[in-house]
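S.K.: Need coordinates for the below:
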Amino acid sequence: MPNNDKPRNFSKRGPAGTKPGRTADSSKKRSAQGMGKEWRDKKSFDPEHKNVHSGINHEWNRQDSRKFERHSEWKQPVQNERAEAGKAEHLKPLGADQKSGDWRQSAKPDFRIKDAFNDRSRLSGADRAGLRHSDTDNSGFRKKQIAPAVSPRRIALDTLLDVSLKNAYAQLALEKRLRQVQLDARDTGFVTRLVYGTIERRITLDYRLDLVLEKPDELDPTVREILRMAAYQLFYMDRVPDMAATDEAVQLTRNMGMEGLTGLVNGVLRNLIREKEHVEWPAPENDPVRYLSVMYSAPEVLCRMLIERFGEHEALEILRFHQKKPYESIRPNLLRCDDARLRRLLADDVFSFEPGLVDGTYRVYDAGDLTRLRAYQNGLFVIQGESSVLAARAVGARPGQTVLDACAAPGGKTSLISEMMQDTGRVYAWDTHPHRVDLIRGMAKRLKLENVRPIIRDAQEQRPEMAGTLDAAIIDAPCSGSGVMDIKPDLKYRITPEGVESLVHVQSSILDGVSEMVKPGGTLVYSTCSIFPEENEQQISAFLERHPEYSINPLGNLLPASLQSLESSHGIQLFAHRDNLDGFYICRMKKS
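M.R.: Residues are numbered from 1 along each chain as shown. Here you go, the predicted model:
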């Protein structure tokens with residue numbers, strides 16, 4: 001809810017900040033005279049400016065001091081936009097005839113329907129749009145907006161080139177680019193949507209572009225990205241006029257030092273505008289793989305893999321799924337904040353939220369960058385997907401135990417296990433990359449967890465000295481990410497049969513190594529964010545054949561009631577389009 005009682009943003013005046021030719025006293029006098037009538041009428045007005053910037057919340061008119069404190073704690077951002085700890089918690093066209101089940105006979109897609117992948121995703125950090133609090137400084141005052149030296153579209157282009165030419169991950173590339181500039185909430189949201197939307201629809205956009213290009217294979221990669229961005233704005237962003245998208249693309253081409261190609265860009269986009277309603281799309285009855293690839297912007301190899309494993313109709317449902325209303329999943333820090341307190345903070349006229357499908361979690365809508373909030377920086381809550389919460393709870397950790405999180409970064413499951421143990425015992429948190437281990441350290445510091453031991457270590461390596469020492473272990477194994485393609489769209493361009501086969505070997509090696517460390521009677525949990533059977537049920541079947549000392553320990557009542565019937569003899573496979581949760585696999589085993 002907008003706050004109309006915010007004071008105007010007056011810069012500090014004093015000896016250090018006095019303009020040339022003015023004394024400190026005259027600066028104070030001018031500052032006081034310049035304030036609006038609404039400030040002069042308030043009893044809290046301080047002509048010496050001693051309290052204006054002392055961290056007091058700007059909502060002076062709140063009468064309920066307790067509510068005031070809650071609001072200040074939750075809403076006020078901190079000065080460091082990306083503190084070390086904040087890094088730890090870090091992505092329609094076809095209506096199938098579901099009654100008949102014949103998706104090939106469905107109506108043609110309406111590409112004027114705008115992307116469900118809007119200006120906010122479940123990704124954390126700089127991937128958020130609509131940063132509600134990014135336009136205030138540490139004292140709660142509205143900051144003076146500084147025009148960025150680089151245009152938002154140039155930032156988006158540089159990010160897309162990082163992804164397409166340097167093979168960077170979209171989330172990391174976008175965060176890096178946004179940290180280098182000063183953008184307000186609106187421009188940040190625009191860049192975020194443009195980047196993720198262009199990546200999400202890449203193949204569909206290329207299909208339309210190639211129809212109007214004479215030599216598409218000879219097109220410069222930078223010009224290709226500029227055209228993709230502009231085409232995305234033409235077809236999926238209602239608020240951008242067609243001519244504005246075209247003119248901005250031409251100017252961006254010129255700014256990139258390619259004046260000679262501005263005519264090409266202008267002509268291609270004008271042809272797209274003229275022909276936008278007259279596109280001949282692939283027919284599903286002729287080539288289902290080609291149809292799914294073009295209509296849902298997925299590589300043909302991925303479409304083929306999905307059809308082979310799930311059939312044509314289910315493959316279509318997987319590829320076209322997007323959250324209609326994207327949200328961020330959070331949970332309270334069990335040691336510092338209970339459900340009631342978290343709900344009060346959320347309900348304090350700031351956020352739209354609802355309880356998650358998993359008990360003790362909440363879905364926050366249009367919240368912006370949650371990592372900038374004081375409550376987050378103070379460790380009151382954790383940004384964590386509900387499927388991930390289920391996997392961590394499956395460990396059943398108890399106070400005083402010794403537990404291993406074998407693939408721990410960025411630390412969400414590690415933190416929940418630590419909290420379940422009431423910060424006693426020991427939680428080893430391993431990862432192979434130093435910067436990812438640093439994320440775990442930052443998370444533990446922010447949440448004030450003392451029993452977490454982050455270590456750079458490869459879980460594939462055998463460690464005889466640790467044999468039989470663990471009460472429990474969880475392996476959230478490296479995987480294809482096929483269960484979260486809707487929120488991390490660049491992942492779908494990385495999935496190949498060879499890549500999945502390689503991951504299966506890594507997963508198997510980690511299972512063999514970690515299983516030796518669990519003591520008899522201990523628990524081993526295996527999870528992935530994949531939907532491919534070879535990474536999940538088939539992986540566990542092969543493991544049980546090699547390790548007869550392990551048996552399946554069903555999750556049972558640990559699952560929400562609506563999901564309990566989905567658990568099989570080898571764990572539970574969740575699908576985003578079916579279960580309203582991230583695509584995830586969880587299996588719990590017990591060592592005899």
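
S.K.: Pull out the buried positions in stretch 178-188.
M.R.: 178, 181-188 (16 or more other CB atoms under 10 Å). The C-beta positions use only the backbone N, C-alpha and C, and glycine is treated the same way.

S.K.: Distance from it to the middle of the chain?
M.R.: Between the centre of stretch 178-188 and the centre of its chain there are 17 Å (CA atoms, centre = their mean, to the nearest Å).

S.K.: Now it: average pLDDT?
M.R.: Here stretch 178-188 scores 87 as its mean pLDDT.

S.K.: Keeping just the C-alphas, turn it into PDB.
M.R.: Only the C-alpha atoms of stretch 178-188 are listed here, as PDB (Å, rounded to 0.1, in the frame of the first residue of the first chain):
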ATOM      1  CA  LEU A 178      22.600  -4.800 -12.400                       C
ATOM      2  CA  ARG A 179      25.200  -4.400  -9.700                       C
ATOM      3  CA  GLN A 180      27.300  -2.300 -12.100                       C
ATOM      4  CA  VAL A 181      24.600   0.400 -12.600                       C
ATOM      5  CA  GLN A 182      22.000   2.400 -10.700                       C
ATOM      6  CA  LEU A 183      18.500   1.600 -11.900                       C
ATOM      7  CA  ASP A 184      15.200   2.400 -10.200                       C
ATOM      8  CA  ALA A 185      12.600  -0.200  -9.600                       C
ATOM      9  CA  ARG A 186      10.800   0.300 -12.800                       C
ATOM     10  CA  ASP A 187      13.900   0.000 -15.000                       C
ATOM     11  CA  THR A 188      15.100  -3.000 -13.000                       C
END
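
S.K.: thinking again about what came up before, could you single out the nearest of the buried residues of stretch 178-188 to Leu272?
M.R.: The shortest separation between Leu272 and any of the buried residues of stretch 178-188 is 24.8 Å, and it belongs to Asp187 (by CB to CB).

S.K.: Surely that closest one touches Val150?
M.R.: No: Asp187 lies out of contact with Val150 (CB atoms under 8 Å); the separation is 10.4 Å.

S.K.: lowest average confidence, helix or strand, in the protein?
M.R.: Of all the helices and strands that make up the chain, helix 37-40 has the lowest average by mean pLDDT, DSSP states H and E, namely a mean of 38.

S.K.: Buried ones in stretch 489-503, by neighbour count?
M.R.: Those would be 489-493, 495, 500, 503, for stretch 489-503 by 16+ other CB under 10 Å.

S.K.: Need the residues that contact that stretch.
M.R.: Here stretch 489-503 makes contact (CB atoms under 8 Å, 6 or more residues apart in numbering) with 91, 117, 163, 169-170, 196, 199-200, 202, 298-299, 301-302, 305, 477-482, 484-485, 532, 534-535.

S.K.: please redo it, this time with the cut-off set to 7 Å
M.R.: 91, 163, 169-170, 196, 199-200, 298-299, 301-302, 305, 478-482, 485, 532, 534-535 (CB atoms under 7 Å, 6 or more residues apart in numbering).

S.K.: Quick check on those residues: which are buried?
M.R.: Neighbour counting over the contacts of stretch 489-503 (16+ other CB under 10 Å) leaves 91, 163, 170, 196, 199-200, 298-299, 301-302, 305, 478-482, 485, 532, 534-535 as the buried ones.

S.K.: Take those residues and keep only those in strands.
M.R.: When DSSP state E is applied, the buried ones among the contacts of stretch 489-503 are split such that none fall in strands.

S.K.: I'd like to know how many residues surround Gly267.
M.R.: As a burial measure, Gly267 scores 13 neighbours (other CB atoms under 10 Å).

S.K.: helices or strands up against the helix or strand in which it is found?
M.R.: If you go by DSSP states H and E, Gly267 is part of helix 262-275. For helix 262-275, the elements it packs on are helix 202-212, helix 221-236, helix 242-255, judged by 3 or more CB pairs under 7 Å, 6 or more residues apart in numbering; DSSP states H and E.

S.K.: Highest mean neighbour count out of those helices?
M.R.: helix 221-236 (a mean of 23; mean count of other CB atoms under 10 Å).

S.K.: and that helix with helix 242-255, angle?
M.R.: On the basis of axes from the mean of the first three to the mean of the last three CA atoms, to 10 degrees, helix 221-236 is oriented at 170 degrees to helix 242-255.

S.K.: What residues are bridge-paired with Phe584?
M.R.: Per DSSP bridges, the residues bridged to Phe584 are Leu574.

S.K.: Surely it touches Ser482?
M.R.: No: if you go by CB atoms under 7 Å, Phe584 and Ser482 don't touch, sitting 10.7 Å apart.

S.K.: All the strands of this structure, in order from the start?
M.R.: Under DSSP E, the chain gives strands at 327-332, 352-355, 362-365, 381-383, 402-405, 426-431, 452-456, 470-476, 518-528, 550-552, 572-574, 584-591.

S.K.: do you know which of those lies nearest Val289?
M.R.: strand 572-574 (23.6 Å).

S.K.: For the closest one, what is the distance to the chain centroid?
M.R.: For strand 572-574, the distance to the chain centre is 21 Å (CA atoms, centre = their mean).

S.K.: could you say what helices and strands it packs with?
M.R.: Packing contacts for strand 572-574, counted by 3+ CB pairs under 7 Å, 6+ apart, involve strand 584-591.

S.K.: So which bits of the strand it packs on are buried?
M.R.: Within strand 584-591, the residues that count as buried by 16+ other CB under 10 Å are 584-591.

S.K.: ok, the residues you listed vs Gly257, which is closest?
M.R.: Distance to Gly257 across these (CB to CB) is lowest for Phe584, with 45.7 Å.

S.K.: Tell me which residues touch the closest one, please.
M.R.: Phe584 sits in contact with 387, 483, 527, 529, 574, where contact means CB under 7 Å, 6+ apart.

S.K.: Most neighbours of all those residues, which one?
M.R.: Gly483 (28 neighbours).

S.K.: So for it, what's the pLDDT?
M.R.: 97.

S.K.: how many neighbours does the closest residue to it other than its chain neighbours have?
M.R.: Once flanking residues are discounted, Gly483 sits nearest to Gly583: 2.2 Å by CB to CB, 6 or more residues apart in numbering. Using other CB under 10 Å, Gly583 has 26 neighbouring residues.

S.K.: what sits against Gly583?
M.R.: Residues in contact with Gly583 (CB under 7 Å, 6+ apart) are 482-484, 529, 531, 574-576.

S.K.: Phe310: which of those is nearest?
M.R.: The closest of the contacts of Gly583, once distances to Phe310 are taken by CB to CB, is Ile531, at 8.2 Å.

S.K.: how close does that closest one sit to Leu161?
M.R.: 30 Å (CB to CB, to the nearest Å).

S.K.: Looking at those two, which one has more neighbours?
M.R.: Set Ile531 next to Leu161 and count neighbours by other CB under 10 Å: Ile531 wins out with 26 against 18.

S.K.: Does that one touch Gly483 like I think?
M.R.: Yes: judged on CB under 7 Å, Ile531 makes contact with Gly483 at a distance of 4.8 Å.

S.K.: Would you agree Val427 is in contact with Glu419?
M.R.: No: Val427 is not in contact with Glu419 according to CB under 7 Å; the separation is 9.8 Å.
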